[in-house]
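Take a look and give me a structure for this.
(2 chains)
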Amino acid sequence: MTEGILIGLTTALSFQNIFMVMIGCFFGTIIGMLPGLGPMTAIALMIPITYGFDPATGLILMAGVYYGAVFGGSTSSILLNAPGVPGTVATSFDGYPMAQQGKAGKALAIAAWSSFAGGTLSAIYLLFMAPSLSKVSLSFRSPDYFALMILGLTAIAAFSSKGQFLKAMMMVVLGLMLASVGQDSLSDITRFTFDNMNLTDGISFVLVVMSTFAMSEALTIILKRNDPTAAAKQVSLTELGSIRINKEERGKMYRTIPRSSVIGFLIGVLPGAGATIASFLAYGMERNLVKDEEKEKFGKGSVNGLSAPETANNAACSGSFVPMLTLGIPGSGTTAVMLGALLGFGIQPGPRLYMTNPEIFWSVIMSMYIGMVILLILNLPLIPYIARILAVPKNYLIPLILFFSITGIYVMSFNNFDIYLMIGIAVVATFLRLYDFPMPPLILAFVLGGLMEENLRRSLLLSNGSWEFLWDRTLTICILVTTILIVLWHIYKTLTKK
Amino acid sequence: MNINTTKIISLLFFIFSAFYLYTAYQIQVFAFDENAPFNARTFPIYLGYAGLFFSGLKLILPDPDTIKVEHRTLEYKKTALLILVAIIYGATILKVGYFLTTSLFLFASYYFLGERRWVLMFLLSFPFVAGFMYLLHGVLEIYLRDPFLKSIGVMG
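As a prediction, this is how the structure comes out:
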C-alpha cells in the first residue's frame, strides 16, 4: 500500500495534475453555484476536454470538478437560499438564516472548513477501505456482479425523490434500452439500428450525458422561465462580513465533524444513496445529539446545523468513489458519468484497477487531499469574487451551456447525425423533466447496460440457461435480499406517508 | 381512471416498450445461436418486458403525487427558437466550419433570449469562440475541421 500511496502522490503532485485540480475546483465551484446545474452537468461539460489528457489527469480533473460543484452548491444555499445541488439543501437550513443575520462570511467559512474536514477525513477512510474492498471483490463472480448491478439500479430508483420509484425504474429501463443500441459485443449482430450506419457503434455515452443533463437543463431553465441568477440581484455579494470563527464555534465543529464524516462516508458508499441523503441524515442526527439549548437554534443559524450537512455531503462524495474504484460499479449518477469517461479511456475500473493501473487508483485518492486544500485556499478568500458569477445573466449562461454541449459532441465525432440525435434526446429529456422523471437513473443504467448484459450472459451460459445462478451462491443471495429490502422499505415509506 | 400527463407519458412508454419488444424478437441471430441460453436478442427481450411491466404499473396504480404543469406559463417560443438555431447549427457546422457557425449560433442565441447589448454579444461570440478554438486546436491539439478558415488561409 505504501508503494501505491507513493505512486499516487508522485502522479497527483505533478504540476499538470495540481493545475488540473485547481481548474476543476474552480470550474466546479462556479457551475455548482448556479441553481439547477449540478456536478453531473459540470463533469459532463468537462468530458471532451479530459480526452486530451491521460486517464489519471482526466479523472483528477473530474474529481476536482465534483468537489468544487458540491462546495459551490453550498455557497448559493448560504447566500441565496437557492441550493445549487440537492446535496446542499440541508446547508441552507442554517446557512441562510446565518447569512440573514449579517454573518454570511462566517457561514461560508464554517461551510468551507467543514467541507475540507469532511472531505479529508473521508479520503483517509477511502485510503484504508478501498484496497481491502478490492481484495474482497476479487471473489465476486458474474452472478454477484449481475445482482450488484440490479441492487445499484434499484437503489438509485428507490432513493430518488418522493414517490418517484416507478418513474425512476422506467428511466432505468430506458437507459438500458439506449445502451442496447448498436452491435452486440459478442456476436457483432446489430440491434435497433434500423439500417442506420451512424448507430452501428451504439449511442455515445458523452452524447447521452450531455443531452440529458447539460442541454436539457439549459432548455428546462428557458422553458420554465427560471432564472438561476435572479436571486443574486437581490443580495449584496460583496459585503459578506467577517470569516473568522471563534473558539466556541470551533469547539462545536470539533464535535460535529468526526461523526458527520463517518455517516457521510458510509452513506456515500451505499449504491444509490449519496450526498443528499447523507446531508439530511447528518443534520437529523446532529439535531438529536446536541443539547436542548443548541437544539433550539437549529433552523435559526446553528453552527452544528450548518457544519453537519456540509461535512457529510463532502464525505459522501469520497465515499461514492468506493464502489466505482473497487467494484467498477458506480453508486451514483455522478460517479456513473466518471465511470463512463474512464471506459472511454479504455480503462475498466474494478477490483483489479489498483493492480493494473495503480497510478490512476492512488492518484485519484491522493488528489482528493490536494483538492480539499485547494478548495479551502480558493474558496475562503475568493468567495466574494466567485459569488459574482451568480449575477451573470441567463441570456449568456444558457447559450454558453448549449455551446459547450454541442462542441463536446462535435469534436468527438464530426458528425451531424450525433448533433441531431443529441437535440432529439435533449428535447425528450426536457419534457420528461417537466413531469419529474429523474435523469440520474437513466445515466447509471446506460453506463451499466453493457456490463449487465455481459454478466447475465456469462451467468446464464454457465448455468445452462437456468436462473438458478441467482440462489446458488450466498453472496448473490445476500445482495438480492438487500435489493428486496430496499424495495420493501420504499413501499413501507410510501404507505406510511399516506 | 384519472388521466393525467404522467399517465399519458407512461402509456407512450408502454407503447414504446411494446415496439422495442417486437423489434427485439426480430433481431436476426446466427442459426447456431438460435437455441443458445443467451443470444443477441435475450437481454433486449427482458428489457422490453421490464418496460411493459413498470409503465403498466404506473398506468394502473393511483398517482397521488400528480405533477401539474401550467403550460400557459411555459416559454415555448424561445425554447423552440433555441432548438431551431441548434438544428441549423448542426446542419451547417461541417460545411461552413466551426468558427463561423459557432460564433453565429452564440450570437443568435443571445439575441433570441432577449439580449441587445451588441458589443457584449459580439465579444462573447466571435472573439470568445476564437479563444476557445485556440485552446482546443492550439493547446490541447484537438482537431477542429473548419473549411471557412481554411478557405481564407487562417487554418492549415
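
quick one: the residue of chain B most remote from its centre from chain A, how far?
The centre of chain B is farthest from one residue, B:F32, which by C-alpha atoms, centre = their mean lies 38.3 Å away. To chain A, B:F32 is 10 Å away according to C-beta to the nearest C-beta, to the nearest Å. In short, each C-beta sits where N, CA and C put it, glycine included.

Specify which residues of chain B, grouped into ranges, have pLDDT under the cut-off.
B:1-3, B:140, B:156 (pLDDT under 70).

Spell out which residues make up each domain of it.
B:5-69, B:73-151 (automatic domain parsing).

Can I get the ones you listed in JSON lines including distance to A:L444?
Formatted as JSON lines, these follow (distance: least, C-beta to C-beta, whole Å):
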{"stretch": "domain B:5-69", "distance to A:L444": "15"}
{"stretch": "domain B:73-151", "distance to A:L444": "27"}
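
A:A112: which of the ones you listed is closest?
domain B:73-151 (29.6 Å; C-beta to C-beta).

The residue in the stretch 1-150 of chain A that chain B sits nearest to: neighbouring residues, count only.
Residue of the stretch 1-150 of chain A nearest chain B, by C-beta to the nearest C-beta: A:G52 (3.9 Å). A:G52: 15 surrounding residues under other C-beta atoms under 10 Å in any protein chain shown.

can you tell me the helix or strand for the residue most central in space within chain A?
Of all residues in chain A, the one closest to the mean position by C-alpha atoms, centre = their mean is A:T334, 3.0 Å from it. Here A:T334 sits within helix A:333-344, counting by DSSP states H and E.

ok, and what's touching the helix or strand just after that helix?
Downstream of helix A:333-344, the next assigned helix or strand under DSSP H and E is helix A:353-356. Applying C-beta atoms under 8 Å, 6 or more residues apart in numbering or on different chains, the contact partners of helix A:353-356 are A:G4, A:A130, A:P131, A:S134, A:L325, A:T326, A:G328, A:I347, A:I360, A:F361, A:W362.

how about the helix or strand just after helix A:353-356: buried residues?
For helix A:353-356, the following helix or strand on the C-terminal side (DSSP H and E) is helix A:358-386. For helix A:358-386, the neighbour count (16 or more other C-beta atoms under 10 Å in any protein chain shown) marks A:358-372, A:374-376, A:378-379, A:383-384, A:386 as buried.

residues contacting A:G268?
A:S122, A:G274, A:A275, A:A278, A:A315, A:A316, A:C317, A:S318, A:G319, A:S320, A:V322, A:G331.

returning to what we had before: tell me the secondary structure for the residue farthest from the centre of chain B?
helix (DSSP: H, G, I helix; E, B strand; the rest coil).

do the same with B:Q28
With three-state DSSP as the criterion, B:Q28 reads coil.

in what helix or strand does A:L461 lie?
Under the criterion of DSSP H and E, A:L461 resides in helix A:440-462.

how about that helix, does it reach chain B?
Yes: contact between helix A:440-462 and chain B, assessed by C-beta under 8 Å from any C-beta of the partner chain, occurs at A:M452, A:E453, A:L456, A:R457, A:L460, A:L461.

Next one: the residue of the stretch 1-150 of chain A closest to chain B from B:L135, what distance?
10 Å (C-beta to C-beta, to the nearest Å).

ok, now B:A80?
32 Å.

same check, this time on B:I8
B:I8 sits 45 Å away from B:L135, going by C-beta to C-beta.

Please identify the residue most distant from the middle of chain A.
Centroid-distance maximum for chain A: A:N464 at 38.3 Å, with C-alpha atoms, centre = their mean.

Can you name the residues that contact that residue?
B:P37.

about what we covered before: does the residue of the stretch 1-150 of chain A closest to chain B touch B:H137 like I think?
No: counting by C-beta atoms under 8 Å, A:G52 does not reach B:H137; the two are 10.9 Å apart.

what about the residue nearest to A:A117 when sequence neighbours are not counted, how many residues close to it?
Distances taken as C-beta to C-beta, 6 or more residues apart in numbering or on different chains put A:I257 closest to A:A117, at 4.6 Å, once the chain neighbours are dropped. If you count neighbours by other C-beta under 10 Å, A:I257 ends up with 24.

wouldn't A:I257 be in contact with A:S307 here?
Yes: at 6.4 Å, A:I257 counts as touching A:S307 under the criterion of C-beta under 8 Å.

Give me the common contacts of the two.
Joint contacts of A:I257 and A:S307 (C-beta under 8 Å, 6+ apart) are A:S114.

for B:K78, what are its contacts?
A:I222, B:F112, B:L113.

B:L104 and A:S332, how far apart?
Distance from B:L104 to A:S332, by C-beta to C-beta: 38 Å.

and the two? which has more neighbours close in?
Using other C-beta under 10 Å as the criterion, B:L104 and A:S332 rank with A:S332 on top: 32 against 18.

B:P127: how many residues sit nearby?
By other C-beta under 10 Å, the burial measure for B:P127, its neighbour count, is 11.

can you give me phi and psi for B:G153?
Backbone geometry at B:G153, expressed as degrees, to the nearest 10, gives phi 80, psi 10.

swap in A:G182?
phi 110, psi -170.

ok, now the one 3 residues further on?
Backbone geometry at A:S185, expressed as degrees, to the nearest 10, gives phi -60, psi -30.

contacting residues for it?
Counting by C-beta under 8 Å, 6+ apart, A:S185 has contacts A:G450, A:E453, A:E454.

again with B:I15
Here B:I15 is in contact with no residues (criterion: C-beta under 8 Å, 6+ apart).
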